[in-house]
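In: would you be able to build a 3D model of this:
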Amino acid sequence: MENQNVTEKDQEMAQVCLNCPCGKSARQEQQGFLYSCVKNFTEGICPFCQAYERVYGRKAHEPIPVQ
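Out: Numbers count the residues shown, from 1 in each chain. This next block holds a predicted model:
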């Protein structure tokens with residue numbers, strides 16, 4: 001699902017989001033305080049969450065699809 005306009009820097013920043021304790025918890029738990037923070041606040045503020053969305057085509061709080 002990668003976009004053609006995704007840079008290497010975007011990929012590196014998205015990796016930070018993947019390893020972020022807040023983002024991990026939000027994606028796994030789908031409820032609670034950290035989920036609310038990531039969903040409502042950090043998406044518009046956090047450059048790592050924004051890069052995650054550009055690279056993976058989904059919001060930082062959405063669960064990772066099972067393949």
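
In: tell me, what residue is most central in the protein?
Out: By CA atoms, centre = their mean, the chain has its centre lying nearest to A60, at 2.5 Å.

In: list the residues that contact the closest residue to it other than its chain neighbours.
Out: In space, not counting the residues next to it along the chain, A60 is nearest to C49; the distance is 4.0 Å by CB to CB, 6 or more residues apart in numbering. The way it works is simple: take the backbone N, C-alpha and C, and place the C-beta from them, glycine included. With contacts defined as CB atoms under 8 Å, 6 or more residues apart in numbering, the neighbours of C49 are 17, 23, 38, 42-43, 59-60.

In: which strand or helix spans S25?
Out: Following DSSP states H and E, one finds S25 within helix 21-29.

In: returning to that earlier point: quick one: buried ones out of the contacts of C49?
Out: Buried members of the contacts of C49, scored by 16 or more other CB atoms under 10 Å, are 17, 23, 38, 42-43, 60.

In: could those residues be laid out in JSON lines, adding distance to G32, pLDDT and secondary structure?
Out: Listed next are these as JSON lines, based on distance: CB to CB, whole Å; pLDDT from 0 to 100; DSSP: H, G, I helix; E, B strand; the rest coil:
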{"residue": "C17", "distance to G32": "18", "pLDDT": "95", "secondary structure": "helix"}
{"residue": "G23", "distance to G32": "13", "pLDDT": "91", "secondary structure": "helix"}
{"residue": "V38", "distance to G32": "10", "pLDDT": "90", "secondary structure": "helix"}
{"residue": "T42", "distance to G32": "14", "pLDDT": "81", "secondary structure": "helix"}
{"residue": "E43", "distance to G32": "16", "pLDDT": "72", "secondary structure": "helix"}
{"residue": "A60", "distance to G32": "15", "pLDDT": "92", "secondary structure": "coil"}
